[in-house]
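Student: Pasting the sequence and the predicted model now:
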Amino acid sequence: MVAVPAVVSQAYERVTAEFDKLSSTQKYAVGAVGGLASLYLVGSYLFKSDNTKPTTLQLTGGSIDSAKVKAEFDAYADSYGKGAGEGIVDRSKTVQLVDVFYSLVTDIYEWGWGQSFHFSPKLPGKDLRASEAAHEARIAALLRIRPGMKVLDCGCGVGGPMRTIAAVSGAHVTGITINQYQVDRAKHHNAKQGVAPLTDVVRGDFLNMPFKENTFDGAYAIEATCHAPKLEQVYGEIFRVLKPGSYFVSYEWVSTAKFDAKNAEHVRIIDEINFGNGLPEMRTYKEAEDAGQTVGFELVMSLDLATASVVAGPWYERLRMGKYTHAINHAMVSAVDAVGLAPKGLKDVHHMLVEVARSLIQGGETGVFTPMHLLLFRKPEAPASK
Ligand SMILES: C=C(CC[C@@H](C)[C@H]1CC[C@H]2C3=CC[C@H]4[C@H](C)[C@@H](O)CC[C@]4(C)[C@H]3CC[C@]12C)C(C)C
Ligand SMILES: C[S@@+](CC[C@H](N)C(=O)[O-])C[C@H]1O[C@@H](n2cnc3c(N)ncnc32)[C@H](O)[C@@H]1O
């Protein structure tokens, strides 16, 4: 039995006593008003849209035809090996699987999280949105960007960070994402929020970008390069398109020094994180540092932002707090999936996310995983010509 606090039961008794005193007509009136209010609340949760995020009834399979959502999700799930530490079995399919992954989750992310698809440390006295924006704005400062400069957002999602970074710096930001549905959503938000003049969004593979060498004055990747089958490939492409002397910042998903590959519990947590987030495998922070240097970058800073500040709250707290909301969300998605008002299979996608929220919390609590290892790299200046 759940213990009801005394103050709640006393209030309940007072309200029912007052209700009993009403005439039957008054009781009907109160019932009708209560019923309408509840209908309004449920209705607005399900239907109302200010066009900034999808409602429960507007959840789609992104660029995937709704009739194919279940089959695509099943194929995605089958692409992961069952052995410990295996990840995506056929790594040559990674980019295509990641594209499918983002079609399946993008609406759910926007619906239940927002337009920035990343974590942030919770800053004291600041709410979630302010903490998120500060995490994004730090990048503009590290890149030393200013009006007139051109910046690359590598793996831009639906553009939450790009809008902050363009707005605070005045620089022009070009985002690239593998997923067409995200391109459409990002452009929609950029226009709606008045950031279109300082932004552009293209569909493309960050392993082979449609930009000339030495194009950008700065580049960043927020929780995105973890999807690359090999870090050297994406870092090498970023190196190519950056102008000499400019900076690249990445917030990397990596295992920390606390991760022990012989500890079955650690390996399970990481395997679950890989599966629920479309990662081919998990790298160590050391491998990420080395990958940048291998392609020619100078390593300027390497710092785990999850543990860097003793006053900031843990990045996984927001997931921990959302546990009950996730359960309610699951009931809602299962209901609309069951009655055919959402693509069949969306409930399985949502179930995967409920599960991965738990694994991410475990990754954070044990300290074996961080989604925010900051790497600041610099492309060396071109040698002076004689
Ligand atoms: C960088 C990546 C994504 C990071 C996060 C934005 C997402 C990781 C897990 C996601 C979520 C988990 C639980 C969902 C919940 C069950 C649902 O009802 C509402 C959405 C979630 C909160 C969802 C939101 C986004 C995440 C936090 C990866 C992919 C590299
Ligand atoms: C977790 S989201 C982060 C999005 C964004 N950085 C943010 O913080 O809101 C990862 C992004 O990387 C992109 N991505 C993954 N693999 C990619 C690839 N091969 N080429 C281009 N984009 C890719 C996804 O499409 C997605 O937009």
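Tutor: Perfect, thanks for sending it. Ligands and ions are numbered 1, 2, ... in the order given.

Student: Number of residues surrounding the closest residue to ligand 1 within the chain?
Tutor: Nearest residue of the chain to ligand 1 (CB to the nearest ligand atom) works out as residue 112 at 2.3 Å. (C-beta placed from N, C-alpha, C; glycine too.) Counted with other CB atoms under 10 Å, the neighbours of residue 112 add up to 20.

Student: This protein against ligand 2: which residues are in contact?
Tutor: Within the chain, the positions near ligand 2 by CB under 6 Å from any ligand atom are 95, 98, 102, 116-118, 155-157, 160-161, 176-179, 182, 205-207, 222-224, 227.

Student: Tell me which residues touch the residue nearest to residue 268 when sequence neighbours are not counted, please.
Tutor: The spatial neighbour of residue 268 that comes closest, neighbours along the chain excluded (CB to CB, 6 or more residues apart in numbering), is residue 84 at 7.5 Å. Contacts for residue 84 (CB atoms under 8 Å, 6 or more residues apart in numbering) come out as 264, 267-268, 271.

Student: most neighbours, which of those?
Tutor: For the contacts of residue 84, the largest number of neighbours (other CB under 10 Å) sits with residue 271, at 22 neighbours.

Student: Report the mean per-residue pLDDT for the strand or helix carrying it.
Tutor: Following DSSP states H and E, one finds residue 271 within helix 264-277. Average pLDDT, helix 264-277: 98.

Student: check whether the helix or strand that it is followed by contacts ligand 1.
Tutor: For helix 264-277, the following helix or strand on the C-terminal side (DSSP H and E) is strand 283-284. No - remark: strand 283-284 sits outside contact range of ligand 1, by CB under 6 Å from any ligand atom, the gap being at least 12.6 Å.

Student: Give the other helices and strands that strand 283-284 contacts.
Tutor: Strand 283-284 is packed against strand 242-255, with contacts defined by 3 or more CB pairs under 8 Å, 6 or more residues apart in numbering; DSSP states H and E.

Student: Can you pull the residues of the chain lying near ligand 1?
Tutor: Selection of the chain residues close to ligand 1 by CB under 6 Å from any ligand atom yields 108-109, 112-113, 117-118, 223, 226, 253, 277-278, 322, 326, 329, 353-354, 356-357.

Student: among these, which are in helices?
Tutor: Per DSSP state H, helices hold the following members of the residues of the chain next to ligand 1: 108-109, 112, 277, 326, 329, 353-354, 356-357.

Student: so who does residue 382 touch?
Tutor: Applying CB under 8 Å, 6+ apart, we find residue 382 in contact with 244-245.

Student: Let me know the secondary structure of it.
Tutor: The local conformation at residue 382, judged by DSSP: H, G, I helix; E, B strand; the rest coil, is coil.

Student: still on that earlier bit, give the contact list for the residue of the chain closest to ligand 1.
Tutor: So residue 112 contacts 322, 325-326, 329 (CB under 8 Å, 6+ apart).
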